[in-house]
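Engineer: Sharing a model prediction with you, sequence too.
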Amino acid sequence: MRRPTRLPFGVVIAAFAAVLLVAGCAARPLVLGAASPTPTATAPACAEPGEASDAVVVYGDLGEAPVITAYGPFSVDRVERTVVVDGTGEPVVRGDLVEVAITILNATSGERAPGTASARVLLSEEATQPGLLATILCASPGSRVVGVVPAEDAFGSAGQPELAIGPDDDLVFVVDVLALVPQQASGTPVALPEGFPAIDIDVAGDGRPSVVIPESDPPGTLLSATLLEGAGPVVAAGDEFLIQFQAINWRTHDVFDETWGDAPRSLLTVLPGVDTAIIGRPVGSRVVVIVPPADGFGATGAPSSGIAATDTVVYVVDILATTQPPV
């Protein structure tokens, strides 16, 4: 006989969000179970409802901690997915970056993982756990979706004790799909100011820049300029900002770091000079920053990246989102 399990919500737990991120790389989008064995991707592209997912009742405002009544335990052999609240607009697809709030329930024991995590999730097999991917795909922004997921599409035989998930436990995701996050800047073009070094920047259709550094010596001071002027909220000191960037060594003209070809990064800091250029600018902007050693890698440089102590570096940065620190 089914037993109802009513699970009131507790406060958001920082450890919950930390477990959801790639181990050792908190700047990356959400990846569940990164330390676990690779699950078998049996989840279909757009999972269908089932008896289990239909038996999960969810109340509460989108983006807030939900109240969940689940008539379990559940044991499923495929991802079951039920839309609780319909959103609007085009459904999200593979390759999209989405803002979500995620609550996890152990489908076997009825125990709820601590807290509800807010995260940005890149919808790809390489970046996101199969069961979570199947739960989110096909939802429109503004949706709330329940996914009941077999263990092999979740944490598998390893489980995830921090989230109250034991070995081979199926689980329930309650996911609020809050917004589609742009992956490149989309502001109004702005010409480089007069006297700014003659850096040539071409941008591909996907937003990836191609930067040509002049053969002249770099300026000795920190310089920045807006290439696209965004219209979103302004990044404030202490905010966590989501960016795409490409970093070039002025001396060698080599790209030594970039997010393009990977995923945007959510960061509290890049380099002092880059931080100075980002703070005070609106989301949606693209900026170019010329960073001398004193505002960059300092007297030690970054030998692993080919950066000498005397090297000036250039960053082209797309500001995609900003999040204020918790109160």
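Structural biologist: Yep, that arrived.
Engineer: Dump the strand or helix carrying Thr135 to PDB, keeping only the CA atoms.
Structural biologist: Remark: Thr135 resides in helix 130-136, with elements defined by DSSP states H and E. What follows is helix 130-136, C-alpha atoms only, in PDB (Å, rounded to 0.1, in the frame of the first residue of the first chain):
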ATOM      1  CA  PRO A 130      21.000  12.000 -17.700                       C
ATOM      2  CA  GLY A 131      17.900  11.900 -15.400                       C
ATOM      3  CA  LEU A 132      18.100  15.600 -14.700                       C
ATOM      4  CA  LEU A 133      18.600  16.400 -18.400                       C
ATOM      5  CA  ALA A 134      15.500  14.300 -19.300                       C
ATOM      6  CA  THR A 135      13.500  16.100 -16.600                       C
ATOM      7  CA  ILE A 136      14.300  19.600 -17.800                       C
END
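Engineer: Which residues lie in contact with the nearest residue to Gly284 once chain neighbours are set aside in this structure?
Structural biologist: Residue nearest to Gly284 in three dimensions, not counting chain neighbours: Gly230, with 2.4 Å by CB to CB, 6 or more residues apart in numbering. For the C-beta atoms, the positions are set from N, CA and C on the backbone; glycine is no exception. Residues near Gly230 by CB atoms under 8 Å, 6 or more residues apart in numbering: 185-187, 281-285, 319.
Engineer: Just list the residues touching Gly131, thanks.
Structural biologist: 39, 43, 79, 147, 149-150, 153-154, 171, 173.
Engineer: Scan the residues you listed and report the most crowded one.
Structural biologist: Val149 (32 neighbours; other CB atoms under 10 Å).
Engineer: what's the nearest residue to it if we skip its chain neighbours?
Structural biologist: Gly131 (3.2 Å).
Engineer: Distance of that neighbour relative to Glu80?
Structural biologist: 10 Å (CB to CB, to the nearest Å).
Engineer: Now the common contact residues for the two.
Structural biologist: Gly147.
Engineer: Tell me the backbone dihedrals of Pro272, please.
Structural biologist: Backbone torsions for Pro272, taken as degrees, to the nearest 10, come to phi -50, psi -40.
Engineer: my guess is it meets Asp295, correct?
Structural biologist: Yes: using CB atoms under 8 Å, Pro272 makes contact with Asp295 at a distance of 5.1 Å.
Engineer: Do you have the helices of the stretch 151-300 of the chain handy? List them.
Structural biologist: 272-278 (DSSP state H, counting those that start in this stretch).
Engineer: Which parts of it are strands?
Structural biologist: 171-181, 188-189, 200-203, 209-212, 223-229, 240-249, 255-258, 265-267, 286-291 (DSSP state E, counting those that start in this stretch).
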